[in-house]
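Visitor: coordinates only, sequence not included:
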């Protein structure tokens, strides 16, 4: 691996930065630093970029490890898509429209918006939502207004759980299942009773109560690897970033002249070297960050180990015929959560390939494939009548046991800012203090935040532009 950041007795003409970690946070930090005029090297231990939003080959299929979506209010991720020239490959809905199928009642409802201002943009949809009673619909409206009035800067919100707050505001178990958790589990990776009120309020205020189009859904119509690896690497190359894959950093330390030494051992793509930099961005998970942090970088580094993790399970089913007409739907009265048609994106030419995304999957994450098949295939047949006569050509599972940080009450106080106490050392990752849950948006925001702090310390202008969500 060649590098612009090799040790030298002469001060480099440009400030030098090393970014450790090639997920969305690291890619973003590297691009923003390069756009700000720094000489950047990005190091990633895996043989690809993209972190936990990636693709792989299974026979003739190109498979995403899990279904990832974003919303119109995700302004940082939208900037990222534009920056890597991928906006057209991950389009947004014209307007929010979510089919919600109740398996027990065999009834289809829809959550959709119109062009009226907030909160009237959802009023018609809520008034006709068949999965709640008239009283429950009215109570939902009152709870939404109360939620809109919460101050997201109030630290007390982080100590409370969302479920108890909903109960105090007249939300029935059915309302929580059919509406609040329908959205919350997918975005927060936790049920309401196990989620910080601060994070839940942020999601609902920003996504549903800020702008009529804020919750319109977007997702990649091509494999994620085409975006987060292929096109991201092309953008990094064009920006002049040196990218080292299969390159795991083992330590970072201060040099005698106050710069940073980043140690890279010998490996398949490296000969072993120490890179010297003015700026280091650690864009790796919290436990790996803890292991790499030098003494004194954080007041209480043990807090990082207090940030828990939560799993996401994805089930992949290939049928011999088309069984789902819609691009996606979500389910009630069933263990099935969200189902997406990934046929075209995967390259499948005959039959249909469905991806079933299961968040907050603690009960299922370690179940054998045979047990998951026995549980979920009958559920898909119950939800999709066309599947009852179809032959299953393939059924496989992808598991991300530490897919996100756990958004439990009190977690907000544990999440560190981008700046550390060590000059020139910054942190990035969806788990850092972005104010967002563990989403692609949070990851990109963290990378931008770390880059902004580093560029400011070097007296350089910000190298990016994205509009904050309302």
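Guide: It's in. Everything numeric here is computed off the predicted structure, so don't read it as measured data.
Visitor: okay, buried residues for stretch 280-291 please.
Guide: Neighbour counts over stretch 280-291 (16 or more other Cβ atoms under 10 Å) mark 280, 281, 282, 283, 284, 285, 286, 288, 289, 290 as buried. All C-beta atoms are positioned from the backbone trio N, CA, C, and that covers glycine.
Visitor: can you check the pLDDT for the fourth one?
Guide: So that's residue 283. Predicted confidence (pLDDT) at residue 283: the value is 98.
Visitor: what of residue 447?
Guide: pLDDT, residue 447: 98.
Visitor: just the one 3 residues further on next, same as before
Guide: The confidence metric pLDDT takes the value 97 at residue 450.
Visitor: quick revisit: filter the buried residues of stretch 280-291 down to the ones in helices?
Guide: 286, 288, 289, 290 (DSSP state H).
Visitor: tell me the contacts of the residue nearest to the third one when sequence neighbours are not counted?
Guide: By that I understand residue 289. Distance criterion Cβ to Cβ, 6 or more residues apart in numbering; nearest residue to residue 289, sequence neighbours excluded, is residue 282 at 5.1 Å. Taking Cβ atoms under 8 Å, 6 or more residues apart in numbering, we find residue 282 in contact with 20, 21, 252, 289, 292, 293, 425, 426, 427, 428, 429.
Visitor: what of residue 199?
Guide: Residue 199 touches 158, 162, 188, 407, 411, 412, 436, 437, counting by Cβ under 8 Å, 6+ apart.
Visitor: next one: phi and psi at the nearest residue to residue 362 once chain neighbours are set aside?
Guide: In this structure, residue 362 finds its nearest non-sequential neighbour in residue 311, 6.2 Å apart by Cβ to Cβ, 6+ apart. Backbone torsions of residue 311, given as degrees, to the nearest 10, read phi -90, psi 160.
Visitor: again, but for residue 457
Guide: Taking degrees, to the nearest 10 as the convention, residue 457 sits at phi -70, psi -30.
Visitor: and the lowest-mean-pLDDT helix or strand in the chain, what does it pack against?
Guide: In the chain, no helix or strand scores lower on mean pLDDT, DSSP states H and E than strand 270-277, which sits at a mean of 81. With contacts taken as 3 or more Cβ pairs under 8 Å, 6 or more residues apart in numbering; DSSP states H and E, strand 270-277 sits against strand 16-20, strand 260-267.
Visitor: which stretch among the ones you listed comes nearest residue 342?
Guide: strand 16-20 (30.8 Å; Cβ to Cβ).
Visitor: a helix runs through residue 77, doesn't it?
Guide: Yes: looking at residue 77 with DSSP: H, G, I helix; E, B strand; the rest coil, it is inside a helix.
Visitor: does it touch residue 441 like I think?
Guide: Yes: the pair residue 77 / residue 441 is scored as a contact, 4.7 Å apart, by Cβ atoms under 8 Å.
Visitor: related to what we said a few turns ago, okay, the helices and strands packed on strand 270-277, which one's buried deepest?
Guide: strand 16-20 (a mean of 30; mean count of other Cβ atoms under 10 Å).
Visitor: mind giving me the packing neighbours of it?
Guide: Partner elements for strand 16-20 (3+ Cβ pairs under 8 Å, 6+ apart): helix 24-35, strand 39-43, strand 260-267, strand 270-277, strand 279-282.
Visitor: what are the pairing partners of it, and which direction each?
Guide: strand 39-43 (parallel), strand 279-282 (parallel) (DSSP bridges).
Visitor: got JSON lines for those strands, with distance to residue 90 too?
Guide: Shown next, in JSON lines, are the strands paired with strand 16-20 (distance: least, Cβ to Cβ, whole Å):
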{"stretch": "strand 39-43", "distance to residue 90": "22"}
{"stretch": "strand 279-282", "distance to residue 90": "25"}
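Visitor: any idea which of the ones you listed gets closest to residue 248?
Guide: strand 39-43 (7.7 Å).
Visitor: starting at the chain centroid, how far to the helix or strand just after that closest one?
Guide: For strand 39-43, the following helix or strand on the C-terminal side (DSSP states H and E) is strand 55-58. Here strand 55-58 is found 20 Å from its chain centre; the criterion is Cα atoms, centre = their mean, to the nearest Å.
Visitor: in strand 55-58, what's buried?
Guide: Buried residues in strand 55-58 (16+ other Cβ under 10 Å): residue 55.
Visitor: for residue 330, give me its contacts.
Guide: Contacts for residue 330 (Cβ under 8 Å, 6+ apart) come out as 98, 99, 100, 101, 182, 186, 337, 338, 339.
Visitor: among those residues, which ones are buried?
Guide: 98, 99, 100, 101, 182, 186, 337, 338, 339.
Visitor: so which of the residues you listed is the closest to residue 33?
Guide: Among those, and counting by Cβ to Cβ, the member closest to residue 33 is residue 186, at 32.1 Å.
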